[in-house]
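1. below are the sequence and a predicted model; questions follow.
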Amino acid sequence: MTDRPAPQSQNLGEGLEDMATAVTHAGPEPRSQGGVLNPPLYRASTIIYDTVAEYMNRHAGLYDEVIYGLYGTQTTLALADALAALEGGGRCVLTSSGTSAISTALAAVVKAGDHLLVVDTVYGPTRKFCEEVLCAFGVEVEFFAPGDASALSGLLRPTTRAVYLESPGSQTFEILDLPAITQTCRAAGVLTLADNTWATPLYLRPLDLGVDVSIMSATKYVSGHSDAMIGSICTLDDGLYRRIKDTAGRWGQRASPDDCYLVHRGLRTLQVRLERHERNGFALAQWLRAQPEVRRILHPGLPEDPGHDLWRRDFRGASGLFGFYMEPLSGDQASAFFDHLEIFRLGSSWGGYESLLVPAWPAPVRRHPQDPGALVRVHAGLESVEDLVTDLERAFVRLRALRKSAA
Ligand SMILES: *Cc1c(COP(=O)(O)O)cnc(C)c1O
């Protein structure tokens with residue numbers, strides 16, 4: 001597919017100072033936009049041309065220029081270029097959400113008759129897109145357990161076109177051996193795509209590890225303020241970039257310039273926010289580990305986590321999203337635990353400034369065995385960690401009181 005050098009692991013502990021400068025400066029040079037620092041907000045459908053010759057030739061600019069609102073304005077291209085630079089210097093296509101980035105990228109690489117391998121721990125809507133849409137379009141989809149990654153070469157068929165990855169896995173946080181997987185796939189001429197929403201390019205650069213397409217829900221950490229939705233698809237391969245850009249157009253995928261503006265604004269503070277999400281996440285995980293009701297913490301940054309060694313080798317940090325298993329909860333017990341939280345909020349999505357606590361049930365959709373306990377997902381926000389611990393402590397006190405009164 002490409003003649004890039006063999007993938008290399010990143011150097012943990014290198015520090016993120018380089019990324020701090022990169023996120024604050026990513027995007028067009030201010031003097032190229034009248035001295036304004038953030039890229040101005042351009043909304044458009046129609047773009048006008050001076051001559052009929054330019055108009056007739058406009059599609060030559062599809063991949064690099066502003067030719068029609070559907071394909072992005074200056075605001076869109078500024079964010080796309082900034083994210084591409086952070087992911088390792090290739091090109092980027094933006095879509096309306098992380099979910100549409102996933103469906104667009106997959107639609108760009110597989111067709112009827114192809115075999116697609118997908119890690120079993122993918123984000124739920126990714127799984128549904130594969131099972132409900134790709135299968136109906138004649139793609140043969142097969143899920144593999146994250147622990148089977150070393151046996152991946154045995155799963156490849158002559159018709160295998162692509163392997164879809166997510167590390168850590170959604171809800172259960174398993175870490176994949178990305179360099180080993182991409183090496184196997186490259187040797188077999190199979191494309192790899194990876195969801196990089198959890199780490200962002202600040203903590204993991206999948207393209208450096210040999211992944212062909214890195215996908216992100218910029219709705220989460222990059223936006224950071226729970227009020228905008230954007231998906232990004234990055235690749236170092238120009239042919240793949242063009243195919244993805246074409247596919248986005250065929251499906252009518254457009255990233256809103258207003259949301260691109262907000263996400264670019266959020267990007268400026270990504271490095272400082274992630275450091276705090278990480279610190280709060282570690283502190284909460286360590287506090288939870290000491291609670292008698294907690295069976296197991298799912299956080300690759302903890303030394304006892306099965307994915308810890310791979311995480312240390314490949315990632316430069318942990319974001320603030322992790323999980324923990326408790327003893328199973330009855331409906332009343334779940335209400336006692338979740339319904340009276342004062343700082344944590346109950347809600348989908350994550351990556352914003354606010355802490356979230358939600359029950360998670362990955363078991364029914366996955367093919368591979370899960371812990372039968374109650375799984376809770378924590379998003380550590382930017383609040384004071386003491387306030388967060390107090391809130392959690394009260395939830396455990398309510399749960400204990402209820403269990404005691406029932407005993
Ligand atoms: C939320 C999420 C997405 C989807 O992003 P949206 O912008 O909400 O569509 C994709 N992947 C992962 C891992 C996510 O958590």
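-> On my side now, so go ahead. Computed from a predicted model, the values in this text were never measured in an experiment.

2. how about the residues of this protein by the ligand?
-> 97-99, 123, 170, 195, 197, 217, 219-220, 229, 231, 349 (C-beta under 6 Å from any ligand atom). Where C-beta positions appear, they are placed from N, C-alpha and C, glycine not excepted.

3. adding secondary structure and pLDDT, write those out as TSV.
-> Output for the residues of the chain next to the ligand, formatted as TSV (DSSP: H, G, I helix; E, B strand; the rest coil; pLDDT from 0 to 100):
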residue	secondary structure	pLDDT
97	coil	98
98	helix	98
99	helix	98
123	coil	96
170	coil	95
195	strand	98
197	coil	98
217	strand	98
219	coil	98
220	coil	98
229	coil	98
231	strand	98
349	coil	93
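
4. please, a PyMOL command that selects the buried ones among those residues?
-> A single PyMOL command is used to select the members of the residues of the chain next to the ligand judged buried by 16 or more other C-beta atoms under 10 Å:
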select buried, resi 97+98+99+123+170+195+197+217+219+220+229+231
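
5. could you dump the residues of the chain next to the ligand to JSON lines with distance to residue 285?
-> Listed next are the residues of the chain next to the ligand as JSON lines, based on distance: C-beta to C-beta, whole Å:
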{"residue": "97", "distance to residue 285": "29"}
{"residue": "98", "distance to residue 285": "24"}
{"residue": "99", "distance to residue 285": "28"}
{"residue": "123", "distance to residue 285": "21"}
{"residue": "170", "distance to residue 285": "18"}
{"residue": "195", "distance to residue 285": "22"}
{"residue": "197", "distance to residue 285": "19"}
{"residue": "217", "distance to residue 285": "22"}
{"residue": "219", "distance to residue 285": "24"}
{"residue": "220", "distance to residue 285": "19"}
{"residue": "229", "distance to residue 285": "28"}
{"residue": "231", "distance to residue 285": "28"}
{"residue": "349", "distance to residue 285": "20"}
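
6. farthest-apart pair in the residues of the chain next to the ligand, please.
-> 170 and 229 (17.4 Å; C-beta to C-beta).

7. buried stuff in stretch 366-384?
-> Those would be 366, 373, 374, 375, 376, 377, 378, 379, 380, 381, 382, 383, for stretch 366-384 by 16+ other C-beta under 10 Å.

8. mind listing which of the residues you listed are in strands?
-> 374, 375, 376, 377, 378, 379 (DSSP state E).

9. now do the same contact list for the last one.
-> Contacts of residue 379 were listed using C-beta atoms under 8 Å, 6 or more residues apart in numbering, and they are 320, 321, 350, 351, 352, 355, 356, 357.

10. looking at those residues, spot the one nearest residue 157.
-> For the contacts of residue 379, the nearest to residue 157 is residue 321 (33.9 Å; C-beta to C-beta).

11. list phi and psi for the closest one.
-> Torsion angles at residue 321 (phi, psi; degrees, to the nearest 10) stand at phi -110, psi 120.

12. wait, doesn't it sit right on residue 199?
-> No. The pair residue 321 / residue 199 is not scored as a contact, 10.0 Å apart, by C-beta atoms under 8 Å.

13. for residue 397, grab the count of nearby residues.
-> Look at residue 397: counted by other C-beta atoms under 10 Å, it has 11 neighbours.

14. A strand includes residue 215, no?
-> Yes. With DSSP: H, G, I helix; E, B strand; the rest coil as the criterion, residue 215 is part of a strand.

15. state the pLDDT value of it.
-> For residue 215, the pLDDT comes out at 98.

16. give the bridge partners for it, please.
-> residue 195, residue 233 (DSSP bridges).

17. separation between it and residue 273?
-> Relative to residue 273, residue 215 is positioned 21 Å away (C-beta to C-beta, to the nearest Å).

18. who's more crowded, these two?
-> residue 215 (29 against 24).

19. from what I can see the more buried one touches residue 231, true?
-> Yes. Residue 215 is within contact range of residue 231, at 7.1 Å (criterion: C-beta under 8 Å).

20. grab the nearest non-local neighbour of the residue of the stretch 51-200 of the chain found nearest the ligand.
-> Per C-beta to the nearest ligand atom, residue 98 is where the stretch 51-200 of the chain lies closest to the ligand, at 2.4 Å. Distances taken as C-beta to C-beta, 6 or more residues apart in numbering put residue 217 closest to residue 98, at 2.3 Å, once the chain neighbours are dropped.

21. having no further points to raise, I will conclude here.
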